[in-house]
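Asks: Sharing a model that was predicted from the sequence below.
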Amino acid sequence: MAYPRLTDKPGALETAAAIRAGELSPREAVGHAIARIEKLDAKVNAVVVCDFDRARDVASALDGQTPREDQPLFGVPMTIKESFDIEGLPTSWGHQSYAGNIASRDAEVVQRLKRAGAIFLGKTNIPPDLADWQSNNPVYGRTSNPHDPSRSPGGSSGGAAAAVASGMVACEFGSDIGGSIRVPAHFCGIWGHKTSWGLISLRGHYHPALSASPGFPGAHDGALGVIGPLARNPDDLEALVRITTERPLGSRGKPLGECRLLLLTDHPASPVDASVREPIEAAAGELERAGVRIDRSSDLVPDLARQHAAYMKMLAIAMARGAPAPDGKRASASDWFGLLDAQAVNAAAWATLFETYDFVLAAPAPTLAFEHRDEAYFKGEETIEGASRRAADGLAWAGLATFPNLPATVLPVGESGGLPCGVQVIGPAWADLDCIAAARGIGRILHG
């Protein structure tokens with residue numbers, strides 16, 4: 001099955017292999033990436049904090065060196081979401097009042113990627129507080145979808161996805177609490193992985209308001225938020241997870257043909273538009289013809305209406321860090337512990353489902369990339385199958401994996417009207433490498 005691709009530039013591991021083989025130097029790799037950014041970004045506005053001079057200096061220092069075994073990304077240029085700290089660069093989270101907030105040290109994930117040999121060219125765009133499926137803010141302006149400049153690349157890792165999809169860089173790192181990795185990957189036609197909660201350290205991914213408290217968990221930690229990679233292929237996703245993980249990860253190595261999958265196309269809180277449902281169902285049909293077993297309903301599915309209600313309450317508290325809601329009410333400790341109990345019960349229900357099914361397939365969002373809006377997306381309405389719905393209802397598809405703290409890999413599966421469409425492959429807790437492997441197997445069947 002075809003999906004729209006904007007570049008044939010090599011991925012991260014392929015670039016590293018070329019450097020190891022002497023076909024490319026780190027400085028050449030960095031120079032080529034900078035040239036692509038300077039050529040392409042005028043229409044996209046993805047890379048909003050540039051650090052080109054330091055990148056060239058780092059690359060020059062690597063030229064002539066022999067990569068170590070622990071440097072799988074030796075000489076590979078990349079960018080990272082603006083919300084991550086890089087020493088000497090601003091971390092504003094999209095707020096003008098924090099535009100001068102200069103990080104004094106690198107985030108933990110940046111440190112790990114640098115030790116692996118990656119070279120950072122700068123940082124990519126976000127919405128304020130990472131709280132929208134658009135990437136537009138008063139500091140850096142609006143990022144456009146490279147497939148269609150009139151549309152959003154998603155959010156909150158929208159700049160990250162746009163930079164990867166357009167070929168500016170081979171890989172990126174984003175964060176996800178409400179689909180912020182998965183939705184941009186879906187909108188931009190690339191691969192993204194939402195990690196199991198706690199798999200990769202969030203140190204250095206702090207809201208600027210908390211920067212005076214080093215080590216404080218930050219606004220997207222709590223009991224939901226994670227960080228994870230974006231790339232144009234599954235091998236790069238796997239490598240990025242292995243490089244940055246806080247704990248050893250294993251993989252069952254179970255072939256996709258031996259797996260049992262469950263496809264979810266309905267959610268009581270959010271219908272899916274035909275532009276998304278049809279490419280996913282077409283992909284499922286092709287998988288079935290290849291011998292993959294896919295069920296379309298199961299009594300084992302948790303109560304999704306209850307899950308979504310609890311997820312939205314927990315998400316609101318986590319994003320506001322317990323501040324009063326617009327109606328003036330503040331969540332109590334009892335409220336929070338009640339949500340933790342609901343989360344544990346929900347996670348147990350998903351664990352039971354995964355005793356029967358290896359993976360769950362679902363839409364990352366109810367629509368494809370939507371047209372730019374002046375207001376925050378979640379404050380408005382969305383038209384699905386001709387009916388107007390609250391846009392925020394679409395968070396139900398992100399919450400499928402977020403609330404029970406499950407891993408999920410998004411891969412492109414098709415297109416509609418020239419826009420890419422993805423599917424998320426959700427697996428059991430800590431089965432991150434298995435999710436990526438299953439997505440890889442799906443991609444091979446669909447795209448060769």
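Replies: Received it, and whenever you're ready, just let me know what you need. What you see is a predicted model; the values in this text were computed from it and never measured.
Asks: Would you check that residue 84 makes contact with residue 107?
Replies: Yes. Taking Cβ atoms under 8 Å as the definition, residue 84 is a contact partner of residue 107 at 4.5 Å. The C-beta positions use only the backbone N, C-alpha and C, and glycine is treated the same way.
Asks: so what sits against both of these two?
Replies: 204-205 (Cβ atoms under 8 Å, 6 or more residues apart in numbering).
Asks: For the residue nearest the centre of the chain, what are phi and psi?
Replies: Centroid check for the chain by Cα atoms, centre = their mean gives residue 181 as the closest residue, at 1.6 Å. Dihedral pair for residue 181: phi -100, psi -50, per degrees, to the nearest 10.
Asks: who are the neighbours in contact with it?
Replies: 157, 174-175, 192-194, 228, 230, 410.
Asks: Repeat the analysis, applying 10 Å as the threshold.
Replies: Neighbouring residues of residue 181 by Cβ atoms under 10 Å, 6 or more residues apart in numbering: 81, 154, 156-157, 160-161, 172-175, 191-195, 226-230, 364, 398, 408-410.
Asks: just residue 2 next, same as before
Replies: Taking Cβ under 10 Å, 6+ apart, one finds 412, 414-415, 446-447 in contact with residue 2.
Asks: Nearest to residue 266, out of those residues: which one, please.
Replies: Checking the contacts of residue 2 against residue 266 by Cβ to Cβ gives residue 414 as the nearest, at 19.1 Å.
Asks: domain ranges for the protein?
Replies: With domains defined by automatic domain parsing, the chain comprises 12-244, 256-447.
Asks: if I read this right, residue 249 contacts residue 432, doesn't it?
Replies: Yes. With contact defined as Cβ atoms under 10 Å, residue 249 reaches residue 432; the gap is 6.0 Å.
Asks: Which one of these two is surrounded by more residues?
Replies: residue 432 (29 against 17; other Cβ atoms under 10 Å).
Asks: so what pLDDT did the more buried one get?
Replies: pLDDT, residue 432: 98.
Asks: and it, what is it in contact with?
Replies: If you count contacts by Cβ under 10 Å, 6+ apart, residue 432 has them with 193-196, 199-200, 228, 237-238, 241-242, 245, 249-251, 406-409.
Asks: so which of the domains of the chain comes closest to residue 1?
Replies: Comparing these by Cβ to Cβ, domain 256-447 comes nearest, at 4.7 Å.
Asks: distance between the ends of that closest one?
Replies: Distance across domain 256-447, first residue to last, is 15 Å (Cα to Cα, to the nearest Å).
Asks: what does stretch 285-302 give?
Replies: 25 Å.
Asks: where does the nearest residue to residue 387 once chain neighbours are set aside land on pLDDT?
Replies: What sits nearest to residue 387 in space, not counting adjacent residues and going by Cβ to Cβ, 6 or more residues apart in numbering, is residue 271, at 7.9 Å. Note for residue 271: predicted pLDDT of 98.
Asks: Check for me that residue 271 belongs to a helix.
Replies: No. According to DSSP: H, G, I helix; E, B strand; the rest coil, residue 271 belongs to no helix; its state is coil.
Asks: count of neighbours near it?
Replies: 18.
Asks: List the contacts of it.
Replies: Residue 271 touches 265, 277, 366, 384-385, 387, 389, 393-394, 396, counting by Cβ under 10 Å, 6+ apart.
Asks: Closest to residue 345 out of those residues?
Replies: Using Cβ to Cβ, the contacts of residue 271 come closest to residue 345 at residue 396, 18.1 Å.
Asks: Any idea how many residues pack against the closest one?
Replies: 27.
Asks: so what's the nearest residue to residue 298 once chain neighbours are set aside up against?
Replies: When the adjacent residues along the chain are set aside, residue 298 lies closest to residue 262, with 5.6 Å between them (Cβ to Cβ, 6+ apart). When contacts are counted by Cβ under 10 Å, 6+ apart, residue 262 touches 293-298, 300-301, 353-354, 356-362, 426.
Asks: about what we covered before: tell me the most packed of the contacts of residue 271, by neighbour count.
Replies: Counting neighbours by other Cβ under 10 Å, the top entry in those is residue 394, with 30 neighbours.
Asks: Wait, a helix at that residue?
Replies: Yes. Assessed by three-state DSSP, residue 394 belongs to a helix.
Asks: Please determine how far it is located from residue 254.
Replies: Computed as Cβ to Cβ, to the nearest Å, the residue 394 to residue 254 distance reads 32 Å.
Asks: can you check residue 78 too?
Replies: Counting by Cβ to Cβ - residue 78 and residue 254 are separated by 31 Å.
Asks: How about residue 127?
Replies: The value you get for residue 127 to residue 254, if Cβ to Cβ is used, is 38 Å.
Asks: out of those two, which sits in the more crowded spot?
Replies: residue 127 (27 against 13).
Asks: Tell me the secondary structure at residue 316.
Replies: Taking three-state DSSP, the label given to residue 316 is helix.
Asks: What's the local residue count around it?
Replies: 14.
Asks: give me every residue that touches it.
Replies: 322-323, 325-326, 331.
Asks: picking that back up, now, which of the contacts of residue 181 lie within helices?
Replies: Among the contacts of residue 181, the members found in helices (DSSP state H) are 160-161, 398.
Asks: Name the member of those that has the highest neighbour count.
Replies: Ranking these using other Cβ under 10 Å puts residue 160 first, with 40 neighbours.
Asks: residues in contact with residue 349?
Replies: 300-303, 306-307, 404 are the contacts of residue 349 under Cβ under 10 Å, 6+ apart.
Asks: who's in contact with residue 239?
Replies: Per Cβ under 10 Å, 6+ apart, neighbours of residue 239: 11-13, 16, 72-73, 76, 116, 171, 229, 231, 233, 436.
Asks: can you count the residues close to residue 355?
Replies: 8.
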